[in-house]
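Visitor: Quick check, what structure comes out for this input:
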Amino acid sequence: MPETKKTTRLKSVKKDNNLEVSLEKSVSKKRHFRSLGLILLILLILIAFTLGLKFKGLVVVSTVNGNPIYSWDLAIRIYQNYLARSLDEIVNEKLIEDEASSLEISVSQEEVDSEIERVETEFDGRTKLMEELEKQFLSYDQFIYRVKLQLIIEKILKKKVAITDQEVAAYIQQNSLQMEATTEADLALEARQMLTSQKMNEIYSSLFSDLRKKAAIETYIKL
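Guide: Numbers count the residues shown, from 1 in each chain. Okay, here's the model as predicted:
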């Protein structure tokens, strides 16, 4: 019986020793991983610092009284501004298209071609026009769309303008010395054209805000 107790005690001691060894190994592994993680963190900081010095413009684009302006802050601001402006342009285009549809206004291909030809003449040919479009980061297709849109806007404005004979007569009386026409009919035509142009400009300044007031516009992104 005493021998059995001794044997049991020996087994217990061995188990305790194995447990201690296992715990020591576990602690040792954790310390090893912590040391390795710390080394990697230090290396990453050193690499980031080195890259920051070598490619400073890629990280810090400017400083104000020693306070850095980071490239990612600049990128976010550019994105937000461009996003808001681009969305605004597209909304305006849709509003114009809807207004033209409601007023039964359309533009023929002949009208578009004629306006393109006029613009190309102003730039001394298509080659110089294309160079100008490249500077503005516009494709030729985008240019054609803008020409068509502008023609539609002009028709919308003309439809909203009303010139009375009294206004024509008053304009001629006030501006006859500056007018080019000489006959009564030509003076009336020139006066009507000038008054139409003036009123179109006045209406254009508030056109999009007026259309937005009438439209149901919902935006699902944060600008």
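Visitor: What score does the residue nearest the centre of the chain have for pLDDT?
Guide: For the chain, the residue sitting closest to the mean C-alpha position, by Cα atoms, centre = their mean, is Y82 at 2.1 Å. Per-residue confidence (pLDDT) for Y82: 82.
Visitor: Give me the helices and strands touching the helix or strand where it lies, please.
Guide: Assigned by DSSP states H and E, Y82 belongs to helix 71-102. If you count contacts as 3 or more Cβ pairs under 8 Å, 6 or more residues apart in numbering; DSSP states H and E, helix 71-102 packs onto helix 56-59, strand 60-64, helix 140-160, helix 184-214. Any C-beta I mention is one placed from the backbone N, CA and C, and that applies to glycine too.
Visitor: Name the next helix or strand following it along the chain.
Guide: Note on helix 71-102: by DSSP H and E, the next helix or strand toward the C-terminus is helix 109-122.
Visitor: Next, the buried residues of stretch 93-100.
Guide: Of the residues in stretch 93-100, L95, I96, E99, A100 count as buried by neighbour count, 16 or more other Cβ atoms under 10 Å.
Visitor: wait, what's in contact with the last one?
Guide: For A100, the contacting residues are S106, I152, K155, I156, by Cβ atoms under 8 Å, 6 or more residues apart in numbering.
Visitor: And the buried ones among those, selectable in PyMOL?
Guide: In PyMOL, this line selects whichever of the contacts of A100 come out buried by 16+ other Cβ under 10 Å:
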select buried, resi 152+155+156
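Visitor: Nearest to D73 among the contacts of A100?
Guide: If you rank these by distance to D73 using Cβ to Cβ, I152 comes first, at 39.8 Å.
Visitor: got a pLDDT number for the nearest residue to that closest one once chain neighbours are set aside?
Guide: Computed as Cβ to Cβ, 6 or more residues apart in numbering, the closest residue to I152 that is not its neighbour in sequence is A100, at 4.9 Å. For A100, the model assigns a pLDDT of 95.
Visitor: okay, now E117: neighbour count?
Guide: 11 (other Cβ atoms under 10 Å).
Visitor: Make residue 1 into 115 and carry on from there
Guide: Understood, numbering begins at 115; the last thing we discussed is E231.
Visitor: quick revisit: what about the residue nearest to I266, distance to L201?
Guide: In this view, A214 and L201 are 21 Å apart by Cβ to Cβ, to the nearest Å.
Visitor: L252 should be in a helix, yeah?
Guide: No. Per DSSP: H, G, I helix; E, B strand; the rest coil, L252 lies outside any helix segment and is coil.
Visitor: which residue packs closest to it, ignoring adjacent ones?
Guide: Closest to L252 by Cβ to Cβ, 6+ apart is R260, at 7.8 Å.
Visitor: just for this structure, where's the confidence low?
Guide: 115-152, 155-173, 337 (pLDDT under 70).
Visitor: 90 instead, please
Guide: Across the chain, the ranges flagged by pLDDT under 90 are 115-200, 250-252, 290-293, 295-296, 298, 319, 333-337.
Visitor: residues contacting the spatially closest residue to Q264 that is not a sequence neighbour?
Guide: Spatial nearest neighbour of Q264, excluding adjacent residues (Cβ to Cβ, 6+ apart): E229 at 7.7 Å. E229 is in contact with V261, Q264, L265, counting by Cβ under 8 Å, 6+ apart.
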